[in-house]
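Peer 1: heads up, no residue letters with this:
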């Protein structure tokens, strides 16, 4: 029964990985891609954050542009979490794959939160941006705490 | 006269670098950002290329999505070319800053070419995608030849 479950999981993982893997030359390439997508997203998220925290003066247009970029970029990294890529130049923990449903739920939550941030930024209301930024930041932290090596 | 030109150039570079630098903690962060943006862009460009070359079956929707991402991403790396960041973990040549106008012209040409690629992909016409992909690829190569270490 346990072997059967393992085989079913392996088959499911292979099915999931197949279309994603087509995007990448190999596992190393997938790791490089997902890290790059998260780096660019983090940079633009931080630009909104600098305004949300008052470190930079609030410029509604700049906030909206950066939040829109974060929303676009938030859809990208996940394809790079190809099965078996918890090795090498990565801080990804194996739980990403052994707890795939929970990881996906976290990723979905983040994407929903940054979509809300982007919508908030479009209103030009700094208080709305502050609230949405805080909520989005929590979704980043939640996955980093659970699925990333210190 | 030469000193004057150098000082003017340095002042201009400082002016240009100031708003860009606000996006980055330091030069290392700027290098990491621009490389990451180019990595993600390159991945999605290659996905269009795989269809343009017939290595992957043509899927108009996937081509259009990826080309649109390339167009969005093509605007990002340039902010990361902060003056003085031809050092460290980068293949950027100093000519990027000593020939700043020519480098900018090349960057602009690439952005125009990938905007055309995105427009071509939206039509769903594979021949148009092939032509636009080839032209965009030439603009990538031109800057890599001139401004990137082997």
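Peer 2: Great, that's in hand. Note that the structure is a prediction, hence the values are computed from the model and not measured.
Peer 1: where do the helices of chain A begin and end?
Peer 2: A:2-21, A:27-52, A:60-73, A:95-98, A:100-123, A:126-147 (DSSP state H).
Peer 1: so which bits of the fifth one are buried?
Peer 2: For helix A:100-123, the buried set under the neighbour-count rule, 16 or more other C-beta atoms under 10 Å in any protein chain shown, comprises A:100, A:103, A:106-107, A:109-111, A:113-118, A:120-121. Glycine gets a C-beta too; all of them are placed from N, C-alpha and C.
Peer 1: same for that helix, what does it pack against?
Peer 2: The criterion is 3 or more C-beta pairs under 8 Å, 6 or more residues apart in numbering or on different chains; DSSP states H and E, and the helices and strands that helix A:100-123 contacts are helix A:27-52, helix A:60-73, helix A:95-98, helix A:126-147.
Peer 1: equivalent analysis for the fourth one, please.
Peer 2: Judged by 3+ C-beta pairs under 8 Å, 6+ apart, the packing partners of helix A:95-98 are helix A:100-123, helix A:126-147.
Peer 1: which bits of chain A sit near chain B?
Peer 2: Proximity of chain A to chain B (C-beta under 8 Å from any C-beta of the partner chain) is limited to residues A:22-24, A:32-33, A:35-37, A:39-40, A:43, A:47, A:56, A:69, A:72-73, A:76.
Peer 1: list the residues that contact the residue lying closest to residue A:87 once chain neighbours are set aside.
Peer 2: Distance criterion C-beta to C-beta, 6 or more residues apart in numbering or on different chains; nearest residue to residue A:87, sequence neighbours excluded, is residue A:27 at 7.4 Å. With contacts taken as C-beta atoms under 8 Å, 6 or more residues apart in numbering or on different chains, residue A:27 has the following neighbours: A:82, A:84-85, A:87-88.
Peer 1: how much space between residue A:27 and chain B?
Peer 2: Here the criterion is C-beta to the nearest C-beta, to the nearest Å. By it, residue A:27 lies 14 Å from chain B.
Peer 1: which pLDDT value does the model give that residue?
Peer 2: Among the per-residue scores, residue A:27 shows a pLDDT of 95.
Peer 1: residue A:16 now?
Peer 2: 43.
Peer 1: equivalent analysis for residue A:150, please.
Peer 2: The predicted local confidence for residue A:150 comes out at a pLDDT of 86.
Peer 1: equivalent analysis for residue A:4, please.
Peer 2: Per-residue confidence for residue A:4 comes out at a pLDDT of 45.
Peer 1: still on that earlier bit, residue B:126: which of the helices and strands packed on helix A:95-98 is closest?
Peer 2: When the helices and strands packed on helix A:95-98 are ranked by distance to residue B:126, counting by C-beta to C-beta, first place goes to helix A:100-123 at 31.1 Å.
Peer 1: quick one, the closest one and helix A:60-73 angle?
Peer 2: Regarding helix A:100-123 and helix A:60-73, their directions subtend 160 degrees when assessed with axes from the mean of the first three to the mean of the last three C-alpha atoms, to 10 degrees.
Peer 1: neighbouring contacts of helix A:100-123?
Peer 2: For helix A:100-123, with C-beta under 8 Å, 6+ apart as the criterion, the contacting residues are A:13, A:45, A:48, A:60, A:63-64, A:66-68, A:70-71, A:74-75, A:77-78, A:81, A:95-97, A:128-129, A:131-133, A:135-136, A:138-140, A:142-143, A:146-147.
Peer 1: from the residues you listed, list just the buried residues.
Peer 2: The neighbour-count criterion (16+ other C-beta under 10 Å) marks A:45, A:48, A:63-64, A:66-68, A:70-71, A:74-75, A:77-78, A:81, A:96-97, A:128-129, A:132-133, A:135-136, A:139-140, A:143, A:147 among the contacts of helix A:100-123 as buried.
Peer 1: CSV for the helices and strands packed on helix A:95-98, including mean pLDDT?
Peer 2: Written out in CSV, the entries for these read as follows (pLDDT from 0 to 100):
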stretch, mean pLDDT
helix A:100-123, 98
helix A:126-147, 98
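Peer 1: so which of the ones you listed comes closest to residue B:52?
Peer 2: helix A:100-123 (29.3 Å).
Peer 1: before we move on, the earlier item: how about the helices and strands packed on helix A:100-123 in a markdown table, adding distance to residue B:52?
Peer 2: Below are the helices and strands packed on helix A:100-123 laid out as a markdown table (distance: least, C-beta to C-beta, whole Å):
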| stretch | distance to residue B:52 |
| --- | --- |
| helix A:27-52 | 19 |
| helix A:60-73 | 23 |
| helix A:95-98 | 33 |
| helix A:126-147 | 35 |
